[in-house]
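1. Fold the stuff below for me.
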Amino acid sequence: MIDRFSKNLTSYHWLLWGFLFLLGILFLAIFQNSNFSIIVNASHNNFLDQFFKYITFLGDGRFVFIIALIYLFANKKYGTSILISLIINTILIQVLKRVVFSNQFRPSFYFKNLIEDGSWNLIDGVELYEKFSFPSGHTASIFCLCMSICIFIKRKYFPLLLIFLAYIVGFSRIYLSQHFLTDVLAGAFIGSLIPILTFKYIEPLLFNKNKI
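-> Have a look, this model is predicted:
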């Protein structure tokens, strides 16, 4: 497992992950949270509204656990590892959101005046929440799922698509005014780190250090 795991950490999809993450850090440094959300909200159009409204559900907890269960039936080792990663991810994110950073509010709280006077673009069918902003749970979930799959998948370029998809889902949380950029970056980092730790330290204990 270690040889393949080490090889995975030097794969091209990690370069894409790092590039997009650093790009997010750069945007954060230039625009800050509030201004970035304002810029994104001003870029709304009907196509993007519908696109991000539905693609964001790929980060929903129910969806990622369903995918994990499918993997569990197809491959016990991989499915178990994904489930463990998602469970750890979910518990950690909820503790951070509701205990450690419970006083962090979402964009709808800070832009309440703009929303009330009609200056803020809203999307029909999207319910805005005010509390438990940091970190983004949807982002952490989709990254946890995608990075778990990337660790053991054999196809060369499919992981690149998974990483890009994860970032699209993360960006949808900003587009839908559910989270700030910092929330999404934190979710992406946590969701990517947990599968690494799971496959390196927990999976070998469960399966007697057999190679993936």
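2. next structured bit after the longest helix anywhere in the chain?
-> As assigned by DSSP state H, the longest helix anywhere in the chain is helix 12-41. Heading C-terminal from helix 12-41, the first helix or strand you meet, by DSSP states H and E, is helix 46-55.
3. which other helices and strands contact that next one?
-> For helix 46-55, the packing partners by 3 or more CB pairs under 8 Å, 6 or more residues apart in numbering; DSSP states H and E come out as helix 158-175. All C-beta atoms are positioned from the backbone trio N, CA, C, and that covers glycine.
4. Helix, strand, or coil at the closest residue to Ser81 other than its chain neighbours?
-> The shortest distance from Ser81 to any non-neighbouring residue, by CB to CB, 6 or more residues apart in numbering, is to Glu203 (4.8 Å). Three-state call for Glu203 (DSSP: H, G, I helix; E, B strand; the rest coil): helix.
5. Below-threshold pLDDT in this protein: ranges please.
-> 1-11, 208-212 (pLDDT under 70).
6. From the centroid of it, which residue is nearest?
-> Thr139 (2.0 Å; CA atoms, centre = their mean).
7. what separates the helix or strand where that residue lies from the chain centre, distance-wise?
-> Using DSSP H and E, Thr139 sits within helix 137-152. Centroid displacement of helix 137-152 relative to its chain, using CA atoms, centre = their mean, to the nearest Å, is 7 Å.
8. Using CSV, list the CA coordinates for it.
-> The C-alpha trace of helix 137-152 is given here as CSV (Å, rounded to 0.1, in the frame of the first residue of the first chain):
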residue,chain,number,x,y,z
GLY,A,137,-19.5,20.9,5.1
HIS,A,138,-20.5,20.3,1.5
THR,A,139,-17.0,21.2,0.3
ALA,A,140,-15.3,18.9,2.9
SER,A,141,-17.6,16.0,2.0
ILE,A,142,-17.1,16.2,-1.7
PHE,A,143,-13.3,16.5,-1.3
CYS,A,144,-13.2,13.6,1.2
LEU,A,145,-15.1,11.4,-1.3
CYS,A,146,-13.1,12.5,-4.4
MET,A,147,-9.7,12.3,-2.7
SER,A,148,-10.6,8.9,-1.3
ILE,A,149,-11.4,7.6,-4.8
CYS,A,150,-8.2,9.2,-6.2
ILE,A,151,-6.0,7.3,-3.8
PHE,A,152,-6.9,3.9,-5.2
